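Student: A structural model of the following input is requested.
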Amino acid sequence: MRKARRVRLFRNLFTAVALTIVVVLTGCSWPTQPTFVTVASQDPQAIQPGTISVSLESSAADTTETTDLYMATEQLDFSDYVFVGDSRTVGMGQVLHLDTIAEIGVGYSFLAAHREEILEYSGKNIVFNLGVNDLAHIDDYIEFFQRLPEEFCFDNNIYVVSVNPTSGAYSSMNGDIDYFNVQLSDSLPSTCKWIDTCSFLREAGFGSTDGLHYDQQTYELIANLIYNNVQLYQSLGY
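Tutor: Here you go, the predicted model:
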């Protein structure tokens, strides 16, 4: 029990430090309130770069400075990354040309079905980001990560990303999303590193095509948050 508490405290502290570093590196200050933007529903498969353009607002006093919360994506090297996920990962993969194992509308059963394919990887940063389609299956997700083979975790860097927030017609899901994230983050083995992008998006705001899927700017923001968290973990030897 004490060990679990120490792990939770470390992860919470690490997340706070990581998000602060992202803000400092990108030259932004924390906004006073979230800026949620919802536009007309759109098929996530049809999302293309430039389809939706929503500015993420900042409360920075000097408005001459950039208010972007992310670096230019061409500066990010995802060549040794594999992203596992659902339609949100599909959308981010299309925008950033990522190596993905992802499909629209999937959840735990997809993860379980592709387990052997995932376990074949070596020398990769493997990023898991799914759960929004079947939040009630939290116990299955926990078991999946707890049962990852030690050899696989030794050969790769394993990162689990929080389920990110919703807006508009999907706003009612946020309570379940919070519960899912707390349960999963508290139960991950030490071989899996937690990346909390959900809290940052709630603070900074995000653009959504339908309340569930995101626009190009937000996908780039999420990619930057993941990338910077991975760099921080690795710089600290985790």
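Student: now do the strands in this protein.
Tutor: Secondary structure of the chain (DSSP state E): strands at 36-38, 81-85, 100-102, 125-129, 157-161, 192-195, 206-208.
Student: now for this structure, the helix or strand with the poorest mean pLDDT.
Tutor: One helix or strand of the chain scores below all others by mean pLDDT, DSSP states H and E: strand 36-38, with a mean of 29.
Student: where among the strands of the chain is average confidence lowest?
Tutor: Mean pLDDT is lowest for strand 36-38 out of the strands of the chain, coming in at a mean of 29.
Student: spatially central residue in this structure, please.
Tutor: Closest residue to the average C-alpha location of the chain: Val161 at 4.2 Å, with C-alpha atoms, centre = their mean.
Student: residues in contact with the nearest residue to it once chain neighbours are set aside?
Tutor: Counting by C-beta to C-beta, 6 or more residues apart in numbering, Val161 lies nearest to Asn129, which is 4.0 Å off, once chain neighbours are set aside. (C-beta placed from N, C-alpha, C; glycine too.) Neighbouring residues of Asn129 by C-beta atoms under 8 Å, 6 or more residues apart in numbering: 83-86, 88-89, 160-161, 163.
Student: could you turn the buried ones of the residues you listed into a ChimeraX selection?
Tutor: Burial among these is assessed by 16 or more other C-beta atoms under 10 Å; the matching ChimeraX selection reads:
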select :83,84,85,86,88,89,160,161,163
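Student: going along the chain, name the helices of the chain.
Tutor: 2-26, 87-96, 108-113, 115-119, 138-146, 150-155, 174-187, 197-204, 216-235 (DSSP state H).
Student: may I see those helices organised as JSON lines, with mean pLDDT and distance to Ala72 added?
Tutor: What follows is the helices of the chain, written out as JSON lines (pLDDT from 0 to 100; distance: least, C-beta to C-beta, whole Å):
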{"stretch": "helix 2-26", "mean pLDDT": "48", "distance to Ala72": "11"}
{"stretch": "helix 87-96", "mean pLDDT": "97", "distance to Ala72": "12"}
{"stretch": "helix 108-113", "mean pLDDT": "98", "distance to Ala72": "32"}
{"stretch": "helix 115-119", "mean pLDDT": "98", "distance to Ala72": "30"}
{"stretch": "helix 138-146", "mean pLDDT": "98", "distance to Ala72": "32"}
{"stretch": "helix 150-155", "mean pLDDT": "97", "distance to Ala72": "31"}
{"stretch": "helix 174-187", "mean pLDDT": "98", "distance to Ala72": "29"}
{"stretch": "helix 197-204", "mean pLDDT": "95", "distance to Ala72": "18"}
{"stretch": "helix 216-235", "mean pLDDT": "95", "distance to Ala72": "9"}
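Student: tell me the most buried of those helices?
Tutor: When the helices of the chain are scored by mean count of other C-beta atoms under 10 Å, the highest mean neighbour count falls to helix 87-96 (a mean of 23).
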